[in-house]
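**Q** A structural model of the following input is requested.
(4 chains)
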Number of protein chains: 2
Amino acid sequence: MDNDVSLPRDFDALRTMILDRREVLPKRLAQIAAYALSNPDEIAFGTAASIAQTAGVQPSTLIRFAQHLGFDGFTSLQSVFRERLRERQVSYEERLSALRGDTHGLSTNRVILNGFLTAASHSIETISHNVEEEVLESAVNILAGAETIYLLARRRSYPITAYMAYAFGKLKIRNQLIESTAGIDPEILSFAKPSDAAIAISFSPYASATIEHAAALAARNVPVVAITDSAFSPLAQSAKVWFEAAEGDFSGFRSLSGTMALAMALTVSVAEKRRSF
Amino acid sequence: MDNDVSLPRDFDALRTMILDRREVLPKRLAQIAAYALSNPDEIAFGTAASIAQTAGVQPSTLIRFAQHLGFDGFTSLQSVFRERLRERQVSYEERLSALRGDTHGLSTNRVILNGFLTAASHSIETISHNVEEEVLESAVNILAGAETIYLLARRRSYPITAYMAYAFGKLKIRNQLIESTAGIDPEILSFAKPSDAAIAISFSPYASATIEHAAALAARNVPVVAITDSAFSPLAQSAKVWFEAAEGDFSGFRSLSGTMALAMALTVSVAEKRRSF
DNA sequence: ATCAAGACGGATCAGTTATTCCATTTTGTC
DNA sequence: GACAAAATGGAATAACTGATCCGTCTTGAT
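**A** Numbers count the residues shown, from 1 in each chain, chains lettered A, B, ... in the order given. Coordinates of the predicted model:
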């Protein structure tokens, strides 16, 4: 349309072209541009309709986007994304060595990054094998029935509950994150009733505050769902149901990836369950 | 349909299966088998009609071929070929293949959990391929040289900086988490000097506070390292270096796994670098 | 040579595709 | 603030998709 002279044949050229025009693109077209560059595989394999949906636009906008760049339709734009995947296949062996133990010629930084990525992927694997159907179901049941969900975690586990608090909030599920900025946690927790529930997360070495709070709640018949690392964890004793989430770690820091995925799954499952009430 | 118990979910398994049956396959089906193994890319991208033509058979034969192998149609066979191109990390693919695809007979809870686990593993893969050596190095250099590291993130990105704050603390690296509980963020940030540095994390839809703070810091020559989702992000403009971390998501919630691993790698790399001073 | 069982080709079908078109909204200019 | 131009959403459409079906052909055991 407005650029017939140089229509990009390969992905890099296309990428550059899009980045060049980023400021002059209309809103929806820019939205697609951003999506396309960060999810090129989706463009390569998806259909106009499916891509439009995940990118949050209309299919027609996708076609306009392609035409705006000089292609004669979505299909020709898509073929550039497909070409990219075919070519990349060549350098695939070199990529493989990146994550394997092969640290030759890699910078320290890269070794560290790979370490964390590997630890993360191990966590995910472990979770997927260790989580049992019944445990998952009863945890979801407990939480879905709760009036308020209390979130207990400290230190390295705190980010998990922070994200859960955010997600519960978005999903309009009442929750209370125990953060102790003012040191009044015991008072807040004293409001918890048996019709509420708590999620407690802690790994060895266990944060004493989390353990104590969980025990206190359990003593008052508030059901506790725990995520911890073994059956010997003091959390497991206070918990009505508990998940074993042995996280991989690298140089002393846990990956959190598996636990994070489990936590989000719990969150969304609870919302899903409530919707069916 | 001579369906065996297990139908291959990844390309290698499919390849082995086809090679096993090579002699027992009827003529036309063998013809397709040979074509498929030597032109896997064509199968991945083509349509049943186009593949049939270049392979010299009828489209219906292609579908019969797929069904003969135990798939329920050409489409499911094709998805195996597509998966092969999509997953650059073969080892991950093998490990996680159990997770993907069939949701038959799984509980809703399990489907949701698998969704998050898959999204997490995608994130990790993406990060491992998108992070470039130079970007990583210059980010580490900036941060290692900083007196105080300011951590900016809101909402869904907040858990990342929360964990970084914890890890930096453990590693005795001076840092300041911008949390705004008292609404005095601008004042705290006004202390930042060019000899400090900031890490800003935000994904679309970007948290305005993070964007503004990052821009303010950049304007005062405080170097900003950003983690965001595309070149279109307003964060990328304020940043001296920025990482692209397109996180997989499931039912609207980002996985955070890849970003978390990247953040931890940055944290530890900075500590490592400082130790060498 | 016969004949049943499987393999095959090709017409057909329901569903989906990319695309077009037009009414409406948004944007930019004077 | 008014107006033209551009952008956008969404319904409509024609082409094409994968899959099915059935008559014909091939194969191989008897």
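**Q** Just give the closest residue to A:Tyr35, not the sequence neighbours.
**A** In this structure, A:Tyr35 finds its nearest non-sequential neighbour in A:Ala55, 4.1 Å apart by Cβ to Cβ, 6 or more residues apart in numbering or on different chains. C-beta: built from backbone N, CA, C; applies to glycine.
**Q** got the residue ranges for the helices in chain A?
**A** Using DSSP state H, the helices of chain A run over A:11-20, A:27-38, A:40-45, A:48-55, A:59-68, A:74-88, A:92-99, A:108-130, A:133-144, A:158-170, A:185-189, A:208-219, A:234-238, A:257-275.
**Q** mind giving me the domain ranges of chain A?
**A** A:11-89, A:121-275 (automatic domain parsing).
**Q** And the longest one, how far out from the chain middle?
**A** With Cα atoms, centre = their mean, to the nearest Å as the basis, the distance from the averaged C-alpha position of domain A:121-275 to the chain average is 16 Å.
**Q** next one: the first one
**A** The offset between the C-alpha centroid of domain A:11-89 and the centroid of the whole chain comes to 24 Å, using Cα atoms, centre = their mean.
**Q** average pLDDT for that domain?
**A** Mean pLDDT, domain A:11-89: 85.
**Q** Tell me who's in contact with A:Trp200.
**A** Careful, residue A:200 is Ala; it's not Trp. Under the criterion of Cβ atoms under 8 Å, 6 or more residues apart in numbering or on different chains, the neighbours of A:Ala200 are A:152-153, A:210, A:213-214, A:224-228, A:235, A:238-239.
**Q** circling back to that earlier point, just say which of the helices of chain A is most tucked in.
**A** helix A:257-275 (a mean of 25; mean count of other Cβ atoms under 10 Å in any protein chain shown).
**Q** and it, does that touch chain B?
**A** Yes. Shown here: helix A:257-275 in contact with chain B (Cβ under 8 Å from any Cβ of the partner chain) through A:257-258, A:260-262, A:264-265, A:267-269, A:272.
**Q** Tabulate those (a markdown table), appending distance to A:Ile178 and pLDDT.
**A** Shown next, in a markdown table, are the residues of helix A:257-275 next to chain B (distance: Cβ to Cβ, whole Å; pLDDT from 0 to 100):
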| residue | distance to A:Ile178 | pLDDT |
| --- | --- | --- |
| A:Ser257 | 23 | 87 |
| A:Gly258 | 23 | 88 |
| A:Met260 | 19 | 91 |
| A:Ala261 | 22 | 90 |
| A:Leu262 | 19 | 93 |
| A:Met264 | 19 | 92 |
| A:Ala265 | 22 | 91 |
| A:Thr267 | 17 | 93 |
| A:Val268 | 22 | 89 |
| A:Ser269 | 22 | 91 |
| A:Glu272 | 25 | 86 |
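**Q** Grab the nearest non-local neighbour of A:Ser180.
**A** That would be A:Ala209: by Cβ to Cβ, 6+ apart, it lies 7.1 Å from A:Ser180.
**Q** Tell me the pLDDT of the one you found.
**A** 90.
**Q** need the residues of chain A near DNA strand D, please.
**A** Proximity of chain A to DNA strand D, by Cβ under 7 Å from any atom of the strand, involves residues A:26-29, A:57-61, A:64.
**Q** Export those as CSV, with columns for distance to A:Ser50.
**A** CSV is the format used below for the residues of chain A next to DNA strand D (distance: Cβ to Cβ, whole Å):
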residue, distance to A:Ser50
A:Pro26, 22
A:Lys27, 22
A:Arg28, 17
A:Leu29, 19
A:Val57, 12
A:Gln58, 13
A:Pro59, 9
A:Ser60, 15
A:Thr61, 14
A:Arg64, 17
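**Q** near DNA strand C too, which of those residues?
**A** Restricting the residues of chain A next to DNA strand D to those near DNA strand C - Cβ under 7 Å from any atom of the strand - leaves A:27, A:59-60.
**Q** Can you add distance to A:Leu19 and give those residues back as JSON lines?
**A** Shown next, in JSON lines, are those (distance: Cβ to Cβ, whole Å):
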{"residue": "A:Lys27", "distance to A:Leu19": "17"}
{"residue": "A:Pro59", "distance to A:Leu19": "24"}
{"residue": "A:Ser60", "distance to A:Leu19": "24"}
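**Q** Distance check, the residue nearest to A:Ala215 when sequence neighbours are not counted against A:Phe191.
**A** Excluding its sequence neighbours, the residue lying closest to A:Ala215 (Cβ to Cβ, 6+ apart) is A:Ser238, at 4.8 Å. To A:Phe191, A:Ser238 is 18 Å away according to Cβ to Cβ, to the nearest Å.
**Q** Low-confidence stretches in the stretch 51-200 of chain A?
**A** The model of the stretch 51-200 of chain A has pLDDT under 70 over residues A:87-106, A:181-183.
**Q** From DNA strand C, how far out is the closest residue to DNA strand D within the stretch 101-250 of chain A?
**A** DNA strand D sits closest to A:Lys170 of the stretch 101-250 of chain A, with a gap of 22.1 Å, by Cβ to the nearest atom of the strand. Counting by Cβ to the nearest atom of the strand, to the nearest Å, the separation of A:Lys170 from DNA strand C is 24 Å.
**Q** Could you tell me the end-to-end distance of stretch A:139-154?
**A** The first and last residues of stretch A:139-154 sit 21 Å apart, counting by Cα to Cα, to the nearest Å.
**Q** burial measure for the residue nearest to A:Leu7 when sequence neighbours are not counted, as a count.
**A** Excluding its sequence neighbours, the residue lying closest to A:Leu7 (Cβ to Cβ, 6+ apart) is A:Gly70, at 4.2 Å. By the criterion of other Cβ atoms under 10 Å in any protein chain shown, A:Gly70 has 17 neighbours.
**Q** How about A:Val225?
**A** Counted with other Cβ under 10 Å, A:Val225 comes out at 24.
**Q** so what's it up against?
**A** Contacts of A:Val225 by Cβ under 8 Å, 6+ apart are A:139, A:142-143, A:197-200, A:239-243, A:266.
**Q** Closest one to DNA strand C out of those residues, please.
**A** Closest to DNA strand C, out of all of these and judged by Cβ to the nearest atom of the strand, is A:Leu266, at 32.3 Å.
**Q** A:Ala246 versus A:Ile127, what's the distance?
**A** For A:Ile127, the distance to A:Ala246 - Cβ to Cβ - is 9 Å.
**Q** and if you look at A:Tyr206?
**A** From A:Tyr206 to A:Ala246 the distance is 14 Å (Cβ to Cβ).
**Q** What are the neighbouring residues in contact with the residue nearest to A:Tyr35?
**A** A:31-32, A:35-36, A:39, A:62.
**Q** What of A:Leu266?
**A** Going by Cβ under 8 Å, 6+ apart, A:Leu266 touches A:136, A:139-140, A:143, A:164, A:199, A:225.
**Q** Mind picking the two most distant members of those?
**A** Greatest spatial distance among the contacts of A:Leu266 (Cβ to Cβ): A:Leu136 and A:Met164, at 15.7 Å.
**Q** any idea which of the contacts of A:Ala55 is closest to DNA strand C?
**A** Closest to DNA strand C, out of all of these and judged by Cβ to the nearest atom of the strand, is A:Leu62, at 6.9 Å.
**Q** Pull the contacting residues for that closest one.
**A** A:32, A:48, A:51-52, A:55, A:74.
**Q** any idea how far DNA strand D is from the residue nearest to A:Tyr35?
**A** For A:Ala55, the distance to DNA strand D - Cβ to the nearest atom of the strand - is 10 Å.
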